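Asks: Model the following, please.
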Amino acid sequence: MNSLNVIFKRELASYFATPLAYIFIVIFLVLSAVFTFYLGGFYEGGQADLVPFFNFHPWLYLFLVPAVAMRLWAEERKSGTIELLMTLPVSRADMVLGKFLAAWVFVGIALLLTFPIIITVNYLGDPDNGAIFTGYLGSWLLAGGYLAIGSCMSALTRNQVIAFILSVVACFVFIVSGFPLVLDLFRGWAPQWLLDAIASLSFLIRFDAISKGVLDLRDLLYFISLMVAWLVATAIVIDLKKAD
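Replies: Take a look at the predicted model:
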């Protein structure tokens, strides 16, 4: 646990040691505001809620979160510091989890900095703040899912650009898996249980209910299981490629 804490603090501090962290936060805040108030039709909707704000998160995270995740392991491998990391008395689980949690907290900080939107919607009306809180929780879990996938993709290569592209593609697959266009490819030959299983993998289907304030234990377990599975995959990939 102590080694996990050390890695977590080291990684989190490294984000704010360069201007890139602040650039990421500014881009995220600006795009969130643009998507909510202009593209999302916040004022035209006439409703005091943050549905327009959360609707764009799966697509906003599709590019911004892989940009955070791409450096998790690719940078270590490229700079050669991964060899030093492997010689430390730290378990593989602590390394993977420490890096992931630092990135997840960093994205969480960026998400929390959107609080002026909460103040705005409360000023303009009487929203369901419980639903807003649930939406924020769902958004953070969604970001965690993207990050876990990005962590595994980053472990596959020493090139951050390749890691970014692989993460975007993998996350995009999880987004569109519930789309009718995708399901139609399987509908002609696949049994119904397989179609349901493919659709259930969709980020959009899972996140949509949470973003509207519906907290289902199955959705929470989905995101937690997804993160655990991809982090285990990350540890396996690191072990397989440690000789590279």
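
Asks: Just the buried residues of the longest helix along the chain, please?
Replies: In the chain, assigned by DSSP state H, the helix with the most residues is helix 129-156. Applying a neighbour-count criterion of 16 or more other C-beta atoms under 10 Å, one finds 131-132, 134-136, 138-156 buried in helix 129-156. No exception for glycine: its C-beta is placed from N, CA and C like everyone else's.

Asks: counting contacts, what elements does whichever helix or strand comes after it pack onto?
Replies: The helix or strand immediately downstream of helix 129-156 is helix 160-176, counting by DSSP states H and E. If you count contacts as 3 or more C-beta pairs under 8 Å, 6 or more residues apart in numbering; DSSP states H and E, helix 160-176 packs onto helix 57-69, helix 71-79, helix 129-156, helix 203-211.

Asks: what comes up buried for the last one?
Replies: Within helix 203-211, the residues that qualify as buried by neighbour count (16+ other C-beta under 10 Å) are 203, 204, 205, 206, 207, 208, 210, 211.

Asks: and if you look at the second one?
Replies: Of the residues in helix 71-79, those with enough neighbours to count as buried (16+ other C-beta under 10 Å) are 71, 72, 73, 74, 75, 76, 77.

Asks: distance of the nearest residue to the second one once chain neighbours are set aside from residue 199?
Replies: Taking C-beta to C-beta, 6 or more residues apart in numbering, and ignoring the residues beside it in sequence, residue 72 has residue 154 as its nearest neighbour in space, at 4.5 Å. The span separating residue 154 from residue 199 equals 28 Å under the rule C-beta to C-beta, to the nearest Å.

Asks: One more: residue 104?
Replies: Per C-beta to C-beta, residue 104 is found 26 Å from residue 199.

Asks: So which of these two has more stuff around it?
Replies: Shown here are residue 104 and residue 199; by other C-beta atoms under 10 Å, residue 104 has more neighbours (24 against 17).

Asks: per-residue confidence for the closest residue to that one other than its chain neighbours?
Replies: Of all residues not flanking residue 104 in the chain, residue 144 sits nearest, at 5.2 Å (C-beta to C-beta, 6+ apart). According to the prediction, residue 144 has pLDDT 96.

Asks: Please state the mean pLDDT value computed over the host helix or strand of residue 227.
Replies: Using DSSP H and E, residue 227 sits within helix 217-241. Averaging pLDDT along helix 217-241 yields 91.

Asks: what inclination does it have with respect to helix 129-156?
Replies: 20 degrees (axes from the mean of the first three to the mean of the last three C-alpha atoms, to 10 degrees).
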